[in-house]
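following is a predicted model, sequence given first.
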Amino acid sequence: MCSRHFSARVLVPVLACLLLLAGLPARRADAERVYLDITASEVRKVVVAVPAFVDKKGSDATGRRGLRMAELLGRALDFHGFVRVLDPARYGGLQDADWKKLQADYVVRGSYELDGNRLTVEGRLYDVAEDRLLAGRRYRGLARQQDDMVLRFADALVEEFTGEPGISRTSIAYVSDDTGYKEIYISDVLGRTRRQVTRHRHLCVSPRFTPDGNFLAYTTYHHGNQDLYITDLRQNRITRPLSRRKGMNLAPAFSPDGKTMVLTLSKDGNPDLYLLDRRGRILGRLTRGEGINVSPSFSPDGKSLVFVSDRSGRPQLYIMDMASRKVRRLTFQGVENSEPSWSPKGDRIAYTSLVDGHYQIFTIDPAGGTPRQVTTAWGKYESPTWSPDGRQIAFSRSRNGHSEICAALANGKDLRVLFKLKGNQSYPQWSPRPR
């Protein structure tokens with residue numbers, strides 16, 4: 001069940017010079033700490049009340065700012081899959097109510113103070129059963145940073161429950177055809193903002209974030225060849241080629257330190273895996289003509305690489321030891337297994353498998369064994385990508401000719417559509433946590 005023990009520790013990181021964090025009253029430091037295991041099938045959702053934030057100055061007669069803060073905080077908590085936000089209509093949106101009667105486990109009381117263009121946001125988490133304060137946060141910054149402060153608070157609350165910060169401020173890159181061309185876009189995970197990254201007016205596929213989240217690589221056909229480009233996401237202008245060798249230049253996997261990458265090149269005829277530096281210079285060849293070799297993904301420690309090869313006759317997953325270059329076959333069940341993605345926790349590899357004529361998402365232990373099926377419903381499920389906390393998987397789902405981006409907990413629960421957008425979306429790639 002949910003945690004009843006919390007320890008005092010350093011508050012969440014802030015944006016340098018812009019968001020200043022100040023301590024609220026100290027919490028009781030418990031000797032023992034218990035976290036909620038949100039992946040356990042028997043755990044019920046934690047019920048949290050998030051009433052409207054209160055304006056300390058009382059200058060907002062409409063209360064709209066406080067309502068917006070509470071709504072965003074509730075959405076962010078709900079996104080993590082283990083929280084059920086209590087309907088504000090049941091208590092009038094007020095901060096004082098009979099929370100036990102309403103069967104709330106926790107209540108978040110927020111407040112804010114606007115001084116010109118400067119904003120201070122405070123939030124406190126209370127345990128209803130024990131009637132005590134568990135955690136408090138204060139954020140200071142510019143008024144335009146309001147949403148970022150609220151999402152930082154949401155991620156801090158998730159850390160209180162699970163022991164690891166939340167993912168409310170992450171994004172997902174994907175391919176969309178709503179302009180008539182398949183271009184690369186990025187949306188925040190709550191679907192509030194959308195940014196078009198490419199404008200090549202040609203087919204673009206396989207977006208890949210660098211480990212720091214500052215750059216996005218992708219493959220495009222706008223010069224007639226399958227070339228690899230990278231763009232600096234901190235601005236809107238600088239995009240440069242990484243590899244324009246003849247043939248395939250496809251889907252790089254960046255090493256955890258971000259210094260090297262592995263991608264598929266077919267410059268010598270057969271699609272093989274090559275190790276390149278960040279400038280696109282070849283450092284070594286990893287495979288040599290043993291079937292088609294594609295879709296690399298690094299283990300979190302960078303010591304191993306999972307990839308797809310049809311060297312056995314059909315596409316299957318293989319793992320390479322990066323030091324010795326030795327390769328072992330990972331998957332033996334399923335006639336076609338592809339698109340592997342190694343969990344940030346290192347304990348599972350997600351992939352696409354063909355089952356009874358339909359593509360579904362599975363995970364498997366890197367050591368091997370019996371795969372677990374994540375998706376089971378009707379449709380075509382492809383291109384799995386892990387959330388930075390390793391607790392969720394995003395993927396594309398196609399039904400009746402329409403493709404959209406979905407996500408589910410790693411155990412398959414809480415499957416939902418992430419973005420309601422026109423056109424088709426595919427090839428999702430989850431960003432790292434912003435630094």
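Yep, that arrived.

per-residue confidence for the closest residue to Val48 other than its chain neighbours?
Nearest non-adjacent residue to Val48, counting by C-beta to C-beta, 6 or more residues apart in numbering: Tyr106, 4.8 Å away. Where you see a C-beta, it was placed from the backbone N, CA and C, and this is true even at glycine. What the model reports as pLDDT for Tyr106 is 97.

list of residues touching stretch 205-212?
173-175, 182, 184, 197, 215-220, 230, 250-258, 427, 429-432, 435 (C-beta atoms under 8 Å, 6 or more residues apart in numbering).

for that stretch, which positions count as buried?
Buried residues in stretch 205-212, counted by 16 or more other C-beta atoms under 10 Å: 205-210.

out of those, the closest to Val308 would be?
Distance ranking of the buried residues of stretch 205-212 against Val308, using C-beta to C-beta, places Ser206 first at 13.1 Å.

before we move on, what SS does the closest one have?
strand (DSSP: H, G, I helix; E, B strand; the rest coil).

again, but for Leu77
helix.

skip the chain neighbours and tell me the closest residue to it.
Leu77 sits nearest to Val83 (C-beta to C-beta, 6+ apart), 4.3 Å away.

okay, now that neighbour: neighbour count?
25 (other C-beta atoms under 10 Å).

OK, contacts around it?
Counted by C-beta under 8 Å, 6+ apart, Val83 has contacts 45-48, 77, 161.

so, low pLDDT: which residues of this structure?
1-43, 237 (pLDDT under 70).

can you tell me the centre-most residue of it?
Ser387 (3.2 Å; C-alpha atoms, centre = their mean).

now the phi/psi pair for Ala89, please.
phi -60, psi -20 (degrees, to the nearest 10).

all helices of this structure, in order?
64-79, 146-162 (DSSP state H).

now render the ones you listed as TSV, adding distance to Glu130.
Formatted as TSV, the helices of the chain follow (distance: least, C-beta to C-beta, whole Å):
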stretch	distance to Glu130
helix 64-79	20
helix 146-162	14
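
ok, which of the ones you listed comes nearest Leu421?
helix 64-79 (17.3 Å).

rewinding a little: quick one: which of the buried residues of stretch 205-212 is nearest Glu122?
Phe209 (32.6 Å).

next one: the closest one from Gln429, what distance?
6 Å (C-beta to C-beta, to the nearest Å).

can you pull the residues that touch both of these two?
Going by C-beta under 8 Å, 6+ apart, residues that sit against Phe209 and also against Gln429 are Ala173.

from memory Asp178 sits against Gly423, does it?
Yes - under the criterion of C-beta atoms under 8 Å, Asp178 makes contact with Gly423 at 3.0 Å.

joint contacts of these two?
By C-beta under 8 Å, 6+ apart, no residue touches both Asp178 and Gly423.

contacts only, for the closest residue to Asp155 other than its chain neighbours.
In this structure, Asp155 finds its nearest non-sequential neighbour in Gly166, 3.5 Å apart by C-beta to C-beta, 6+ apart. Taking C-beta under 8 Å, 6+ apart as the contact definition, Gly166 lies against 76, 80, 154-159, 389.

for Ile167, same thing?
Per C-beta under 8 Å, 6+ apart, neighbours of Ile167: 79-80, 155, 158, 189, 387-389, 392, 433.

equivalent analysis for Ser403, please.
Counted by C-beta under 8 Å, 6+ apart, Ser403 has contacts 396-397, 424-426.

how far away is Asn249 from Arg75?
39 Å.

the two: who's more crowded?
Asn249 (26 against 19).

doesn't Gln226 make contact with that one?
Yes - the criterion here is C-beta under 8 Å, and Asn249 meets it with Gln226 at 5.7 Å.

quick check: neighbours shared by those two?
Shared contacts of Asn249 and Gln226, counting by C-beta under 8 Å, 6+ apart, come down to Thr219.

give me the domain ranges for the protein.
The chain breaks down by automatic domain parsing into domains covering 20-162, 171-430.

thinking again about what came up before, who wins on neighbours among the contacts of Val83?
Top of the contacts of Val83 by neighbour count (other C-beta under 10 Å): Leu77, with 26 neighbours.

okay, now Asp178: neighbour count?
14.

need the contact list for it.
Asp178 neighbours (C-beta under 8 Å, 6+ apart): 421-424.

of those residues, keep whichever come out buried.
421, 424.

ok, so of the contacts of Asp178, who is nearest Pro340?
Asn424 (23.2 Å).

quick one: the strands in the stretch 51-200 of the chain, in order.
Secondary structure of the stretch 51-200 of the chain by DSSP state E, counting those that start in this stretch: the strands cover 54-55, 83-85, 106-115, 118-127, 132-142, 171-176, 183-188, 194-196.

where does Ala97 fall, phi/psi-wise?
Dihedral angles (degrees, to the nearest 10) for Ala97: phi -160, psi 170.

now it. Nearest residue, chain neighbours left out?
Tyr91 (3.9 Å).

neighbours of the one you found, how many?
19.

same question, Phe254
23.

what does Phe395 give?
Count around Phe395 with other C-beta under 10 Å applied: 27.

and if you look at the one 10 residues further on?
Under the neighbour criterion other C-beta under 10 Å, Ile405 is assigned a count of 25.

and for Lys56?
12.

quick revisit: specify which member of the contacts of Gly166 is nearest to Ile238.
Nearest to Ile238 among the contacts of Gly166, with distances taken as C-beta to C-beta, is Asp155, at 29.6 Å.

wouldn't that closest one be in contact with Glu164 here?
No - counting by C-beta under 8 Å, Asp155 does not reach Glu164; the two are 9.4 Å apart.

which one's more surrounded, those two?
Asp155 (22 against 15).

separation between the more buried one and Ser383?
Taking C-beta to C-beta, one finds Asp155 at 26 Å from Ser383.

can you check Asp272 too?
22 Å.

which of those two has more neighbours?
Neighbour totals were compared for Asp272 and Ser383, and Ser383 leads with 26 against 22 (other C-beta under 10 Å).

go ahead and confirm that one touches Trp430.
No - here Ser383 lies out of contact with Trp430, judged by C-beta under 8 Å, at a distance of 10.9 Å.
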